[in-house]
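dropping a prediction and its sequence here:
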Amino acid sequence: MQHSLRLASQGFADSPTSIFDPAATPAHWAFGLSKLVLSITLGIFLTVGGLMLYAVIRFRQRPSDPQREPAQIYGSDQIELSWTVIPILVVVMLFLTTTRVIWQTEAAPKPPVAVDVVVIGHQFWWEYRYPKLGVVTANELHVPVSDPAMPTPTYLAMSSADTDHSFWVPRLAGKMDVIPNRRNTMWIDPQAPGLYLGQCAQYCGTQHAKMLLRVYAQSPEDFAAWIKQQQKPADPDLSGNPAAAEGQTVFMRNACINCHTIAGTVGTGRYGPDLTHLASRDTIASGSVQNTPENLRKWIADPNSMKPGVLMPPMHLNDHDLDVITAYLTTLH
């Protein structure tokens, strides 16, 4: 049975969002619990299915059988006791095992070197704040790789700005609900660098399916370099790029600054994602669209054409203004 589960998990592990390929301690614990539950439920399925198959074959009607109702047997204390006590024992065992894993995850001590990130769910994107490091970003979460010999976990304090969401990166941890007026906490400690994908797992509106999660686990050196870059304000010197300089002027004179922040400028809106380092991100639209100048221009012109139901309105800019704003935003590394 364990061999068949291993074969199945190897097949499912090909998915970038598979629970059968854990890459962090909470995910390993959840995977162990999943294997136990799958083993027990598979055993129950095979036992019940085998008994049913045996009964169908052993007691099937034959041509030589007399055409009368078979003898009726009413009640068996042994059978009644078995199918009452055994399920109770199985449920109690699963309850205790699940409780132990939950407690083990929730009660894990937080080391002083842990990275703190505030996660805020929005319709339909993610905001990430690093309060101790002075960094605010959106949709792409960066965390350091954790060495098991000297753990550096990342603790996520989660809340919602509007409706219920759910943060789920299957290879790193279980699901955690993100709820208005409540702070839920979880932690992750990826032990290998890479990109880990996830999904909002609670229906939150028309664009729930495109509220994606991207977690970048980086070496401590790469993470420190990323933090240093994110702490810088937007580059104010655009003298060598006339189109970008004009685009900055157009951006600051339009409604863009009501919703978006660009550090070092008059743009201080907080309704939409922080754009200070937009060009350093691989994607836009909460992970659903590659961040290229062509896609960015189309997104500014009409976000709904790329992500129907998005709350960002079309800006109704002329072609020239679209070109220069795009040129400006692509300088925001």
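Good, I have the coordinates.

could you check stretch 271-286 and say which residues are buried?
Burial within stretch 271-286, assessed by neighbour count using 16 or more other CB atoms under 10 Å, is assigned to Gly272, Pro273, Asp274, Leu275, Thr276, His277, Leu278, Arg281, Thr283, Ile284, Ala285, Ser286. Any C-beta I mention is one placed from the backbone N, CA and C, and that applies to glycine too.

without its sequence neighbours, what residue ends up closest to the last one?
Yep, that's Ser286 we're talking about. By the measure of CB to CB, 6 or more residues apart in numbering, the closest residue to Ser286 outside its immediate chain neighbours is Trp125, 4.2 Å from it.

swap in the first one?
Closest residue to Gly272 apart from its sequence neighbours, by CB to CB, 6+ apart: Cys259 at 3.8 Å.

and whichever strand or helix holds Thr99, what's buried?
Counting by DSSP states H and E, the element that carries Thr99 is helix 77-106. Judged by neighbour count (16+ other CB under 10 Å), helix 77-106 contains these buried residues: Val101, Thr105.

buried residues in the helix or strand just after it, which are they?
Using DSSP H and E, the helix or strand that directly follows helix 77-106 along the chain is strand 115-122. Residues of strand 115-122 classed as buried: Val115, Val117, Val118, Val119, Ile120, Gly121, His122 (neighbour count, 16+ other CB under 10 Å).

got the buried residues for stretch 288-295?
Neighbour-count burial for stretch 288-295, counted by 16+ other CB under 10 Å, picks out Ser288, Val289, Asn291, Asn295.

among these, which ones are in strands?
With DSSP state E as the criterion, strands contain Val289 from among the buried residues of stretch 288-295.

would CSV of the buried residues of stretch 288-295 with distance to Ala173 and pLDDT be doable?
What follows is these, written out as CSV (distance: CB to CB, whole Å; pLDDT from 0 to 100):
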residue, distance to Ala173, pLDDT
Ser288, 22, 91
Val289, 26, 93
Asn291, 26, 96
Asn295, 30, 96
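
just name the closest of the buried residues of stretch 288-295 to Phe31, please.
The shortest approach to Phe31 among those belongs to Ser288, at 27.6 Å (CB to CB).

show me what contacts the closest one?
If you count contacts by CB atoms under 8 Å, 6 or more residues apart in numbering, Ser288 has them with Lys210, Leu212, Met306, Lys307.

how about Leu213?
Taking CB under 8 Å, 6+ apart as the contact definition, Leu213 lies against Trp126, Leu141, Phe167, Trp168, Val169, Leu197, Gly198, Gln199, Cys200, Gly287.

need those in a markdown table (columns: secondary structure and pLDDT).
Shown next, in a markdown table, are these (DSSP: H, G, I helix; E, B strand; the rest coil; pLDDT from 0 to 100):
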| residue | secondary structure | pLDDT |
| --- | --- | --- |
| Trp126 | strand | 97 |
| Leu141 | strand | 98 |
| Phe167 | strand | 97 |
| Trp168 | strand | 96 |
| Val169 | coil | 97 |
| Leu197 | strand | 96 |
| Gly198 | strand | 96 |
| Gln199 | strand | 94 |
| Cys200 | strand | 95 |
| Gly287 | coil | 92 |
